[in-house]
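A.B. asks: Predicted coordinates and the sequence they were generated for:
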Amino acid sequence: MIIIRTVFARRRLSALLAAMVGIVLFSAPQAHASDTVKWKPVSTNSNWSCGAYIGHNDRAHIKLKACIVTNSSGGAQAVLVVQNAGTSDQYLSKGRVIFESQLGGDVWCAPTNLAAGRTAGCYAPTVQVGNCWRTSSATVELTLTRVTAATANGQYVPCG
């Protein structure tokens, strides 16, 4: 009789655990895929904070850096800036910006050709972070023919 009760107790416990796991899995918020955006011209000013350019692992004449742009109303966005210092056009197969993910600041960059001597930016969405904030970093990645290079830039915006 005791063995039968133990078997039923274990089955009930297993069923309860399975139900709890199901509730947790199905009630978790859905992850949102980031948008894909086109590249745009880059024109910096005092609202831009950028890390240093790094050469791409696959082609040293392709340089990239991470920038964070802020505005006076508490908004911020990250930008993947790419410069083609070479003498021929370069195909950028994939880019990505990871910034304030929980606020929707991530983005994928559309494939594009970058002309020789040109600079372009892939702009993530502007997110509201407030006027006094610190971000751990904006991380950017650039893929050329299956080789990816990445860099990051952090910024602190003091209270004004």
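C.D. replies: Thanks, I have it. Owing to the predicted nature of the structure, the values given are computational and were not obtained by experimental measurement.

A.B. asks: what ranges do the strands span in the chain?
C.D. replies: According to DSSP state E, the chain carries its strands in the segments 35-37, 48-50, 54-55, 62-70, 75-84, 90-92, 94-98, 107-109, 112-114, 119-123, 127-128, 133-144, 147-157.

A.B. asks: Residue 44 and residue 67: what is the separation?
C.D. replies: 7 Å (CB to CB, to the nearest Å). Backbone N, C-alpha and C define where each C-beta goes, glycine included.

A.B. asks: Overlap in contacts, the two.
C.D. replies: Counting by CB atoms under 8 Å, 6 or more residues apart in numbering, the shared contacts of residue 44 and residue 67 are residue 50.

A.B. asks: Between the two, which is the more surrounded one?
C.D. replies: residue 67 (23 against 14; other CB atoms under 10 Å).

A.B. asks: which residues touch the more buried one?
C.D. replies: 44, 48, 49, 50, 51, 78, 79, 81, 121, 138, 153.

A.B. asks: low-scoring stretches of this structure, by residue?
C.D. replies: Residues of the chain that meet the criterion pLDDT under 70 lie in 1-35, 133-136, 155-160.

A.B. asks: Report the central residue of it.
C.D. replies: Among the residues of the chain, the one closest to the centroid is residue 98, at 1.1 Å (CA atoms, centre = their mean).

A.B. asks: Next, find the distance separating that residue from residue 41.
C.D. replies: Per CB to CB, residue 98 is found 22 Å from residue 41.

A.B. asks: now residue 144
C.D. replies: Distance from residue 144 to residue 41, by CB to CB: 21 Å.

A.B. asks: again, but for residue 104
C.D. replies: Counting by CB to CB, the gap from residue 104 to residue 41 is 24 Å.

A.B. asks: These two: which has the busier surroundings?
C.D. replies: When neighbours are counted by other CB under 10 Å, residue 104 and residue 41 differ, and residue 104 comes out ahead with 16 against 8.

A.B. asks: Quick check: bridge partners of residue 127?
C.D. replies: Beta-bridge partners recorded for residue 127 (DSSP bridges): residue 76.

A.B. asks: thought it was touching residue 75?
C.D. replies: Yes. Assessed by CB atoms under 8 Å, residue 127 is found in contact with residue 75 at 6.8 Å.

A.B. asks: neighbour count winner among those two?
C.D. replies: residue 127 (19 against 15).

A.B. asks: among the contacts of residue 67, which ones are buried?
C.D. replies: Neighbour-count burial (16 or more other CB atoms under 10 Å) applied to the contacts of residue 67 gives 49, 50, 51, 78, 79, 81, 121, 138, 153.
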